[in-house]
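Q: Dropping a prediction and its sequence here:
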Amino acid sequence: MAWVMHEHADVDTLAASVATELQAFCGEAIALRGQALLALGGGRTPLPLYRRLARCPLPWSQVTLLPTDERCVPHDDPACNLREIGAAFAAADGVELQGLTPPNGDPETSERHARAALAQYPQPFDAVVLGMGMDGHTASLFPGVPRLPEALDPASDIDACRIDPQPLPPEAPYPRVTLTAARLLRARSLHLYLSGADKRAVLERALRSHDPLRYPIGAFLHAADARLHVHWSP
Ligand SMILES: O=C1O[C@H](COP(=O)(O)O)[C@@H](O)[C@H](O)[C@H]1O
C-alpha cells in the first residue's frame, strides 16, 4: 500500500496535527542540513494549516517555501498561489518564498522560470503538501491535458512543466505551471491534505480507479516507491 490514511475529527484538529508534523520535519531538516525546503499546495483547503504552521516556533529564516503549482497571473492577483501562501505565512518571520512564475505571471516564460527557480535548491523536498480538486487533479496535474503523461511519468527528469487545462477550471481559469510528479514524489515526506465529504468521495474513486490519467492524484496514491500520508477531516 502506497498510502496511509489519517482521519481527524474536524478541520481544526486536522490543521493542528499536520502543522505539528511539518514543524518536526522542518526542525529535523534544519538540524541536519541547516535549511528546510517545503513544496506547498495552493487553493483554499490548506490555508488554515499554513496559518497554524506559521505560528509554530521555528528558525523561519532557514525555511524556504515553494508552491507545488502556480496559476499564470501577476503575483499580486488573489488567484496567485504564492500570494495566498505568503499571506498565510505572515507570522513566519524571515521565511523565504520562492515563486514558480515571473512576477507578471507571463505564461510563455513560466516553465523556464520554474525550472531555473527549482535548480537553485537541493533535492529532495523535505516535505510536500498536496491538495486535490474535485476532478482528481493535484498540483496542476489536470486530467485530459496533452502533457499529462509526461508530467506524471515517475522516471521523468523534468521538474516543472506548463499545463493548459481544458476546459479551463471556472474557479481559476488560467494557464498553469506545475511541479512534475517525478519531482514531487522524491520528497522525504509526502502529504495529501483534504477536508469534506465531497473530496473524500473523489479520493475513494481515485483509490478504486488505478488510472492516473483520469484521476492524477492516483499517481501519488498508487506510487510504487513513495508513501503518501492522506490527512482528512469532515
Ligand atoms: O487549483 C488548485 O486546486 C487544488 C485544490 O484547491 P482547493 O481550493 O480545492 O483546496 C490545489 O491543490 C492546487 O494546488 C491549486 O492550484
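A: Arrived safely.
Q: Kindly provide the whole-number mean pLDDT of stretch 35-49.
A: Stretch 35-49 carries an average pLDDT of 98.
Q: An error on my part: the question was meant for stretch 202-214.
A: Mean predicted lDDT for stretch 202-214 stands at 96.
Q: How about it, which residues are buried there?
A: 202-203, 206-207, 209, 212 (16 or more other C-beta atoms under 10 Å). Quick note: C-beta positions are derived from backbone N, CA and C, even for glycine.
Q: Show me the contact partners of it.
A: Surrounding stretch 202-214, the residues in contact under the criterion C-beta atoms under 8 Å, 6 or more residues apart in numbering are 3, 132, 134-136, 143, 148-149, 152, 192, 194, 215, 217-219, 221-222, 230, 232.
Q: again with stretch 149-156
A: Against stretch 149-156 from outside (C-beta under 8 Å, 6+ apart): 141, 145, 158, 161, 163, 178, 180-182, 185, 212-213, 216, 219, 223-225.
Q: Among these, which ones are in helices?
A: Among those, the ones falling in helices (DSSP state H) are 181-182, 185, 219.
Q: Among these, which one sits closest to residue 30?
A: residue 185 (23.2 Å; C-beta to C-beta).
Q: Now for the closest one: which residues touch it?
A: Per C-beta under 8 Å, 6+ apart, neighbours of residue 185: 154, 219-220, 223, 225-226.
Q: do that again at 7 Å, thanks
A: 154, 220, 223, 226 (C-beta atoms under 7 Å, 6 or more residues apart in numbering).
Q: what is the nearest residue to the second one once chain neighbours are set aside paired to in the beta sheet?
A: To tie it back to what came earlier, the one meant is residue 220. Spatial nearest neighbour of residue 220, excluding adjacent residues (C-beta to C-beta, 6 or more residues apart in numbering): residue 228 at 4.8 Å. Residue 228 forms beta bridges with residue 3, residue 190, as assigned by DSSP bridges.
Q: So residue 228 is in contact with residue 189, correct?
A: No - with contact defined as C-beta atoms under 7 Å, residue 228 and residue 189 do not form a contacting pair (9.6 Å).
Q: overlap in contacts of these two?
A: Common neighbours of residue 228 and residue 189 (C-beta under 7 Å, 6+ apart) do not exist.
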